[in-house]
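**Q** Need a 3D model of the sequence below.
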Amino acid sequence: MEFGTAAHSCCCGCGTDVYTPLTPTDWSMTYDGETVSLNPSVGNWHQKCRSHYVIRKGKVIEAGPWSDEQVASERERDRAAKERHYGKPAAKAVERPTPEPAESVGIWSGIKRLLSRWI
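**A** Purely as a prediction, here's the structure:
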């Protein structure tokens, strides 16, 4: 995939654009000729909605909410996985304020348009 990223609108309906990097330590996407699956689950912990869901064969499956402790544990697991895979300490994730949803322009708009046909 040219950009190594899957993009979709948050499945809760809040309108937030969600970008999932497709890497050995992040997400993987499977296209079976008809539907798309995204693995692992998507947790929008930095968003106001804090939605958590799985995309399997083109269907959204709501997953349960996570506590702040569970989110912190997953972030640490993710950091350690990156360190093991890439062989160096991963940069600490920085929480950034989320901008208000705006109309997409440019390349992201094209990516979203392509992926929306599958998801």
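
**Q** Surely Gly43 touches Ala72?
**A** No. Counting by CB atoms under 8 Å, Gly43 stays clear of Ala72, with 11.9 Å between them. Bear in mind the C-beta positions are built from the backbone N, C-alpha and C, glycine included.

**Q** between the two, who's got more neighbours?
**A** Taking other CB atoms under 10 Å, Gly43 and Ala72 do not tie; Gly43 has more neighbours (18 against 12).

**Q** could you pull out the helices for the protein?
**A** In the chain, the helices defined using DSSP state H lie at 68-86, 107-116.

**Q** which stretch in those has the least confidence?
**A** Comparing mean pLDDT over the helices of the chain, the weakest stretch is helix 107-116, at a mean of 58.

**Q** From His8, how far out is Glu34?
**A** Distance of Glu34 to His8, given as CB to CB, to the nearest Å: 17 Å.

**Q** same thing with Glu62?
**A** Glu62 is 15 Å from His8, by CB to CB.

**Q** Neighbour count: these two, which is higher?
**A** His8 (21 against 12).

**Q** longest single strand anywhere in this protein?
**A** For the chain, the strand that runs over the most residues, judged by DSSP state E, is strand 36-43.

**Q** Any regions of the protein where pLDDT drops low?
**A** Residue ranges of the chain with pLDDT under 70: 1, 89-119.

**Q** Okay, the residue nearest the centre of it and Gly87: tell me how far apart.
**A** In the chain, the centroid-proximal residue (CA atoms, centre = their mean) is Thr20; its distance is 3.3 Å. Separation of Thr20 from Gly87 (CB to CB) stands at 23 Å.

**Q** do Lys48 as well
**A** In this view, Lys48 and Gly87 are 36 Å apart by CB to CB.

**Q** What residues of stretch 26-37 count as buried?
**A** 27, 29, 36-37 (16 or more other CB atoms under 10 Å).

**Q** Please identify which two of those are farthest apart in space.
**A** The most widely separated members of the buried residues of stretch 26-37, counting by CB to CB, are Trp27 and Val36 (11.4 Å).

**Q** list residues touching both of the two?
**A** Jointly contacting Trp27 and Val36 under the rule CB atoms under 8 Å, 6 or more residues apart in numbering are Ala6.

**Q** If anything else comes up later, I'll come back, but that's it for now.
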